[in-house]
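**Q** give me a model of this one.
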Amino acid sequence: MALIPGAVDYLVSFSIMASIYAILSLGLNSQWGYNGHLDFGVAGFFAVGAFTSALFITAPPSGLMAQYAHQAFGLQAPFLVGLVAAGVISGIVGLLVALPVLRLRTDFLAIATLGIAEIIRLIFQNERWLANGPQPLSGIPQPLSCVFEHPACSWLPASVASLLSPLQPRDYGFLFLALTVIVLAVVYLVLETAVRSPWGRALRAVRDDEASAAMNGKNVTSLRVQSFVLGAVVMGVGGALYASYMVTIDYSHFEPLFATFLVWVMLMLGGSGNNRGAVLGAFVIWGVWSGTGYLTDVLQTSLSGVLPQIASRTAFLRWMLVGILLALIVLYRPEGILKEQKVVSRFLK
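**A** Numbers count the residues shown, from 1 in each chain. Okay, the predicted model is just below:
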């Protein structure tokens, strides 16, 4: 029974991270699955959302900390304001990227978006005035965390505060999980409604045959930009949740391998063009990624005394296993676990 509390805490943490990655996967699905954008810049919009939310909801450094921590501003805004700001700013950055970059296609578009994501990461790394540069941006508030403190939030009614008094700060993960799941559900419902609307069907028409869509009066350029910006907004929302959950972030959290290609594997496994598949793939791949972490730890411990050179490189086994999994998906299940629905209109059976 002593293992149960630890197991529950692990499952809560696992579900929070999987839900955040599910939001990123849904954002990528709105670009690639709906409109065929080969976007390798997921990490860039993820970073913009995370740092934007952090700057909005944190307080500016003061006193002795002002000599060591730097940031452009700190508004101490509520979490919801930071969440909305993250989506808006990510959408604006997505628009600025989309206007010149979407003239490219396929692999050229992928290379361009990958380069832009790396530029964004390097800006946060080197411009210390913006978000503390190479040093972590810490002290990011967590929404409703005061509910689990003693005394509880001053705005809570006395009866509610008394009812919640047995809760401890370690129980906060359950509240954050509920918040993350609510945001995931809202994003899913919005995208599911969009893909079943005439606008969503027009996006898929542009993806399948631009010339035919243009001949039928669709503004191909506008639709491509709209799809790209929508995906950027969703990724920014995921970044806002990630920042508040981690409490401390820096540029290293947004490496392309970790924050872009892992999301691609999630979408490819779950099913491109299927929102349920995007969510399912995120949970499955995050389970694989977490499980392989335990495997590499065991191997590193076992080999450290026998083959120390190999033991120091066991962490790369995780990427090798994920790469093999991606190759198997492409070869044997290119449509993913859940295939794309060809008929999405609610008016047709």
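
**Q** residue ranges with poor pLDDT in the stretch 1-150 of the chain?
**A** The stretch 1-150 of the chain contains residues with pLDDT under 70 at 1-5, 150.

**Q** strands of that one, start to end?
**A** Counting by DSSP state E, counting those that start in this stretch, the stretch 1-150 of the chain has no strands to list.

**Q** in it, mark out all the helices, start to finish.
**A** Along the stretch 1-150 of the chain, counting by DSSP state H, counting those that start in this stretch, helices occupy 3-28, 34-35, 42-57, 79-101, 106-126, 128-131.

**Q** how near is Ala54 to Val234?
**A** Computed as Cβ to Cβ, to the nearest Å, the Ala54 to Val234 distance reads 18 Å. C-betas here are computed from N, CA, C, even on glycine.

**Q** got it, and Val344?
**A** As judged by Cβ to Cβ, Val344 and Val234 stand 19 Å apart.

**Q** more neighbours, the two?
**A** Neighbour totals were compared for Val344 and Val234, and Val234 leads with 28 against 16 (other Cβ atoms under 10 Å).

**Q** check which helix or strand covers the closest residue to Asn35 other than its chain neighbours.
**A** In space, and not counting its chain neighbours, Asn35 is closest to Ser227: 3.7 Å by Cβ to Cβ, 6 or more residues apart in numbering. Per DSSP states H and E: Ser227 is located in helix 220-246.

**Q** just want the angle from that helix to helix 79-101.
**A** Orientation note: helix 220-246 sits at an angle of 140 degrees relative to helix 79-101 (axes from the mean of the first three to the mean of the last three Cα atoms, to 10 degrees).

**Q** helices or strands up against helix 220-246?
**A** Here helix 220-246 touches helix 3-28, helix 34-35, helix 42-57, helix 79-101, helix 172-195, helix 198-208, helix 210-215, going by 3 or more Cβ pairs under 8 Å, 6 or more residues apart in numbering; DSSP states H and E.

**Q** how about it: buried residues?
**A** Neighbour counts over helix 220-246 (16 or more other Cβ atoms under 10 Å) mark 223-246 as buried.

**Q** what's the angle from it to helix 198-208?
**A** For helix 220-246 against helix 198-208, the angle by the same axes, to 10 degrees is 110 degrees.

**Q** state the mean pLDDT of helix 220-246.
**A** For helix 220-246, the mean pLDDT works out to 96.

**Q** could you point out which element follows that helix?
**A** Sequence order places helix 256 as the next helix or strand after helix 220-246, per DSSP H and E.

**Q** pull the distance from that next one to the chain's centre.
**A** The chain centroid and the centroid of helix 256 are separated by 12 Å, computed with Cα atoms, centre = their mean, to the nearest Å.

**Q** ditto for stretch 19-31
**A** 6 Å.

**Q** output that stretch as CSV, nothing but the C-alphas.
**A** Extracted C-alpha coordinates of stretch 19-31, given in CSV (Å, rounded to 0.1, in the frame of the first residue of the first chain):
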residue,chain,number,x,y,z
SER,A,19,-2.5,16.2,-22.0
ILE,A,20,-0.1,19.1,-22.8
TYR,A,21,1.5,17.2,-25.6
ALA,A,22,-2.0,16.2,-26.8
ILE,A,23,-2.7,19.9,-27.2
LEU,A,24,0.5,20.4,-29.2
SER,A,25,-0.5,17.4,-31.3
LEU,A,26,-3.9,18.9,-32.0
GLY,A,27,-2.2,22.1,-33.0
LEU,A,28,0.0,20.3,-35.5
ASN,A,29,-3.0,18.4,-36.7
SER,A,30,-4.7,21.6,-37.6
GLN,A,31,-1.7,22.5,-39.8
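
**Q** residue ranges in the stretch 151-300 of the chain under the pLDDT threshold?
**A** Residues of the stretch 151-300 of the chain meeting the criterion pLDDT under 70: 152, 154-156, 159-161, 163-165.
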